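**Student:** Predicted coordinates and the sequence they were generated for:
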Amino acid sequence: MPEQARIVIVEDTLSLARVYQDYLRADGYLVDHVVTGADAIDRLRQNPPDAMILDLVLPDMDGRDVLRRAAHVCPDCKIVVITAHGSVNVAVEAMREGAWDFLLKPFTADKLRETVSKALAGAPSSSNRAGLMPGGADSDEMYFDIIGGSENMRDIYRIIENAAPSRATVFITGESGTGKELAAEAIHQRSERAKEPFIPLNCGAIPKDLMESEIFGHVKGAFTGAVSDREGAAHRAEGGTLFLDEICEMDLDLQTKLLRFIQTGTFQKVGGSSLETVDVRFVCATNRDPLEEVRAGRFREDLYYRLHVIPLHMPPLRERDNDILQIANFYLQRYNREEGRDFERFSPEVSALFARYTWPGNIRQLQNIIRNIVVLNNGTEVTLSMVPRPVNSGTEDDQFGSATIEAPPPHPVVSREAGGAGRLWEGDPEALAFLAGARQMRKVVENHQTEKSNQLVGVGLASNDRAGMNANGLSGAGLSAGGLSGGGLGYSDIRPLWQVEKQAIEEAIERCGGSIPRAADALGVSPSTIYRKKQSWEDNGL
Ligand SMILES: Nc1ncnc2c1ncn2[C@@H]1O[C@H](COP(=O)(O)OP(=O)(O)OP(=O)(O)O)[C@@H](O)[C@H]1O
């Protein structure tokens, strides 16, 4: 720690600032206080402190603007952000943008002292990428938000470094959960377009009929429900990057329109008559084999060659040597903080298991496993007994070893229109409502627990003797969706769709011996859909 380290507190509540100041002065630091973001930036520019305690809610700007400026004007200053209790996501975002650590209000004097002292010592913090430099290919541990310094990943960073400044389209392939979206973001961040928007669009998660409007927007009255004009992703990405994820899921008709858009830079809104022109850079991704899709007639060959200018193949996690443990540690610390746990390390046996496991769901699966461990256990060391299935069985057998590029069926098995427990579109109002209101909803759901027990839906609960319908197409997995229609049962029997879906997914995984790829196959969705959903349930405490 530097002698008489200098700390600036950025806090507009004077009483709080005074308390923090007193605590830290008592530890021998030189402590200053400013009230606004503008003052904070001035301080960083003119007389950079060793550390800054930054409240993210400031009278004149978002505290994250200060963070972004700090990254340029004094990258050595350790910034600890303060956020309100419950805004862990905001804190995590701030970490991504360069904060060293965060404090969730209310915190104790000891917590403040400990955090500041660790930051000044450069010690790894909760979610810290100790010694990892964001945004530079010269970092051997991390590149933007991508953790890992394995040879395979260094190759990736080199390609991104060379490709980013150009306008050429990058076509990213790789198994589900290998970080294709992170790579796309890094390309954007490294390009001259970094200050303009990065707009991701998941072509596999949006219903076919809405996809065109999602990309190009629509005019009022273009279709039922189009109550006003709406800009699409193409428009919002003006000057920046449009990331088309799961591009191979795009409908053939729409592929034709996309090709025209890429060739001319112009498009028409759905129902519109005028041509709009935008300047966007395209990055796309798929976890399928795109050439196989071309051969099968599901992906236009001309579009493929138009997009496939710079290929970037993300290696699976099992081919990244030591990165596995580095990434595992990163998420252990992050989830520790979020869940209020004290895990410090993995036991040597767990590290060895992680290193030899095949990780068919890649980093997303690793995240899920670590979250599971942190939520369900306590202690300082993660031991073998805490590791859940299927990782704990140590299986490198065919069950997972053969998971390469996934090929989910071309059509959703159950349509939303049919009212079945089909795919939930993550962008639809229903899904968003459930994510936003999940916690409140849990209470309501609990109240219904006793009533609903007979109308449960899912694998193994054959219940089509009720008024409900069969979830057509899911029957291959033994699923039936009794009680869903609510016919004659009254509204209190209707379960929220998310809950039906969650149970169906969990039971399918259980019946497939813990194999997410197999469960996904049986459910007719891609494994990445399941990993994403698991993540969102966890993020929302469901
Ligand atoms: N190298 C990495 N270091 C840290 N986190 C990572 C890394 N790669 C991926 N992640 C995290 O893993 C999750 C999955 O990554 P991402 O969504 O980019 O994968 P993907 O390949 O696009 O997945 P999908 O094919 O399912 O869309 C994200 O939460 C991401 O932040």
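**Tutor:** Cool, got the structure.

**Student:** Those residues of the protein touching the ligand, which are they?
**Tutor:** 146-148, 174, 176-182, 245, 287, 327, 363-364, 367, 528 (C-beta under 6 Å from any ligand atom). C-beta coordinates here come from the backbone N, C-alpha and C atoms, glycine included.

**Student:** distance of the residue in the stretch 151-300 of the chain that the ligand sits nearest to from Arg356?
**Tutor:** Nearest residue of the stretch 151-300 of the chain to the ligand (C-beta to the nearest ligand atom) works out as Gly179 at 2.8 Å. Per C-beta to C-beta, to the nearest Å, Gly179 is found 21 Å from Arg356.

**Student:** Using PDB, write down the CA coordinates of the lengthiest helix in the chain.
**Tutor:** The longest helix of the chain (DSSP state H) is helix 323-339. Output of helix 323-339 as PDB, limited to C-alpha atoms (Å, rounded to 0.1, in the frame of the first residue of the first chain):
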ATOM      1  CA  ASP A 323      -8.400 -20.900 -18.400                       C
ATOM      2  CA  ILE A 324     -11.000 -23.200 -16.900                       C
ATOM      3  CA  LEU A 325      -9.700 -22.700 -13.400                       C
ATOM      4  CA  GLN A 326      -9.200 -19.000 -13.900                       C
ATOM      5  CA  ILE A 327     -12.800 -18.500 -15.100                       C
ATOM      6  CA  ALA A 328     -14.000 -20.800 -12.300                       C
ATOM      7  CA  ASN A 329     -12.200 -18.600  -9.700                       C
ATOM      8  CA  PHE A 330     -13.600 -15.500 -11.200                       C
ATOM      9  CA  TYR A 331     -17.200 -16.700 -11.000                       C
ATOM     10  CA  LEU A 332     -16.600 -18.200  -7.500                       C
ATOM     11  CA  GLN A 333     -15.700 -14.700  -6.200                       C
ATOM     12  CA  ARG A 334     -18.500 -13.100  -8.100                       C
ATOM     13  CA  TYR A 335     -21.200 -15.400  -6.800                       C
ATOM     14  CA  ASN A 336     -19.700 -15.400  -3.300                       C
ATOM     15  CA  ARG A 337     -20.300 -11.700  -3.200                       C
ATOM     16  CA  GLU A 338     -23.800 -11.900  -4.600                       C
ATOM     17  CA  GLU A 339     -24.900 -14.700  -2.300                       C
END
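
**Student:** what's it packed up against?
**Tutor:** Here helix 323-339 touches helix 88-96, strand 146-147, strand 345-346, helix 348-356, helix 362-376, going by 3 or more C-beta pairs under 8 Å, 6 or more residues apart in numbering; DSSP states H and E.

**Student:** switch the cut-off to 7 Å
**Tutor:** Applying 3 or more C-beta pairs under 7 Å, 6 or more residues apart in numbering; DSSP states H and E, we find helix 323-339 packed against strand 146-147, helix 348-356, helix 362-376.

**Student:** re earlier: quick check: pLDDT value at the residue of the stretch 151-300 of the chain closest to the ligand.
**Tutor:** We have a pLDDT of 96 for Gly179.

**Student:** need the contact list for it.
**Tutor:** Going by C-beta atoms under 7 Å, 6 or more residues apart in numbering, Gly179 touches Ile146, Met314, Ile363.

**Student:** just Gln367 next, same as before
**Tutor:** Tyr331, Gln535.

**Student:** Do I have it right that Ala505 meets Lys533?
**Tutor:** For residue 505 the amino acid is Ile, not Ala. Yes - counting by C-beta atoms under 7 Å, Ile505 touches Lys533, with 6.5 Å between them.

**Student:** So those two - more neighbours on which side?
**Tutor:** Ile505 (23 against 20; other C-beta atoms under 10 Å).

**Student:** Validate this expectation: that one resides in a helix.
**Tutor:** Yes - Ile505 sits within a helix when classified using DSSP: H, G, I helix; E, B strand; the rest coil.

**Student:** Could you measure from it over to Phe216?
**Tutor:** Per C-beta to C-beta, Ile505 is found 32 Å from Phe216.

**Student:** what does Gly361 give?
**Tutor:** Here the distance between Gly361 and Phe216 works out to 33 Å (C-beta to C-beta).

**Student:** Between these two, which is the more surrounded one?
**Tutor:** Higher neighbour count among Gly361 and Phe216: Gly361, with 29 against 23, using other C-beta under 10 Å.

**Student:** Was I right to think Asp342 contacts Thr380?
**Tutor:** Yes - using C-beta under 7 Å, Asp342 is in contact with Thr380, at 5.6 Å.

**Student:** still on that earlier bit, off-centre distance for the longest helix of the chain?
**Tutor:** 15 Å (C-alpha atoms, centre = their mean, to the nearest Å).

**Student:** Give me the angle between that helix and helix 348-356.
**Tutor:** Orientation of helix 323-339 against helix 348-356 (axes from the mean of the first three to the mean of the last three C-alpha atoms, to 10 degrees) gives an angle of 120 degrees.

**Student:** Please parse the chain into its domains.
**Tutor:** Taking automatic domain parsing as the reference, the chain has its domains at 6-121, 142-313, 317-401, 429-539.

**Student:** Low-confidence regions, this structure specifically.
**Tutor:** 1-3, 85-89, 92, 123-140, 394-492, 539, 541 (pLDDT under 70).

**Student:** For PyMOL, write the select line for the buried members of the residues of the chain next to the ligand.
**Tutor:** The buried residues among the residues of the chain next to the ligand can be selected in PyMOL (16 or more other C-beta atoms under 10 Å) with this line:
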select buried, resi 146+147+148+174+176+177+178+179+180+181+182+245+287+327+363+364+367+528
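
**Student:** can you give me the helices in the stretch 201-350 of the chain?
**Tutor:** Listed in chain order, the helices of the stretch 201-350 of the chain (DSSP state H, counting those that start in this stretch) span 208-216, 233-236, 252-264, 290-295, 301-307, 323-339, 348-356.

**Student:** rewinding a little: turn the helices and strands packed on helix 323-339 into CSV, columns for distance to Ile7.
**Tutor:** Below are the helices and strands packed on helix 323-339 laid out as CSV (distance: least, C-beta to C-beta, whole Å):
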stretch, distance to Ile7
strand 146-147, 28
helix 348-356, 36
helix 362-376, 31
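
**Student:** Could you report the neighbour count for Pro75?
**Tutor:** Using other C-beta under 10 Å, Pro75 has 12 other residues around it.

**Student:** Checking it next. Helix, strand or coil?
**Tutor:** What three-state DSSP gives for Pro75 is coil.

**Student:** Sticking with the spatially closest residue to it that is not a sequence neighbour, tell me its helix or strand.
**Tutor:** Excluding its sequence neighbours, the residue lying closest to Pro75 (C-beta to C-beta, 6 or more residues apart in numbering) is Gly98, at 7.9 Å. Counting by DSSP states H and E, there is no helix or strand that carries Gly98.
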